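Participant: have a look at this fold, sequence not included:
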């Protein structure tokens, strides 16, 4: 059974810092891993989707990596900005039907001006 | 309209009321989902519809009743709810049968049960 964990639960950094958010999963037979952003009281915005055959994906200042052997994914945010403040969630499919996701608890990021 | 749209965004109801949440997707997907997000808990999958057929019910109480009249619309009918059902209810859609598929979420409906 797939389990997803995110540490730390909260992170506060000064503006401009490069940072890494961590996501761990228990089943290395992962189909893909998706990173989301959630602003307070809002829905989830998909940031990056990494397929099991890929090592990383990039979108602007965001880079996500996937290491199946170690059961880890990281989301790297370069040159952080106050607008990056949000909760970041990672999720992996429970089975081969992609939409049934198992979510981590999320990391609440605060970027201070 | 683009993406996944949910209405209403906020709903307050008493325990004896009957209300419905609506979700509409404009992405051409054929699978739709209801997720529940309670305070301090990870998102939980409630229901899955694939090609308008309910394919999964994750032990959700019968006071929650989903309906999927077509591949673009999904409803969650609510009746005789409990205060602990207060949460953010999120609708999502994807292409069915594709484990490589990306999941897209709506803005959610914030439900408060008095």
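Facilitator: Here it is on my side, so go on. These numbers come from a predicted model, not from an experiment.
Participant: how much space between residue A:99 and residue B:28?
Facilitator: Residue A:99 sits 15 Å away from residue B:28, going by CB to CB, to the nearest Å. C-beta: built from backbone N, CA, C; applies to glycine.
Participant: quick one, which of those two is more surrounded?
Facilitator: Between residue A:99 and residue B:28, residue A:99 has the larger neighbour count (other CB atoms under 10 Å in any protein chain shown), namely 28 against 9.
Participant: and residue 112, what does it touch?
Facilitator: With no chain named, the answer covers chain A. Each residue near residue A:112 by CB atoms under 8 Å, 6 or more residues apart in numbering or on different chains is listed here: A:12-15, A:82.
Participant: wait, chain B was what I had in mind.
Facilitator: B:10-13, B:86.
Participant: ok, back up a step: closest one of the contacts of residue A:112 to residue A:54?
Facilitator: Minimum distance to residue A:54 across the contacts of residue A:112 is 27.1 Å, recorded for residue A:13 (CB to CB).
Participant: now flag whichever of the contacts of residue B:112 is closest to residue A:47.
Facilitator: Among these, and counting by CB to CB, the member closest to residue A:47 is residue B:10, at 25.7 Å.
Participant: so what's residue B:114 up against?
Facilitator: Contact analysis of residue B:114 by CB under 8 Å, 6+ apart lists B:12-15, B:83.
Participant: per-residue confidence for it?
Facilitator: pLDDT recorded at residue B:114 is 91.
Participant: of the contacts of residue A:112, just the buried ones, PyMOL syntax please.
Facilitator: Selection of buried members from those for PyMOL, criterion 16 or more other CB atoms under 10 Å in any protein chain shown:
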select buried, chain A and resi 13
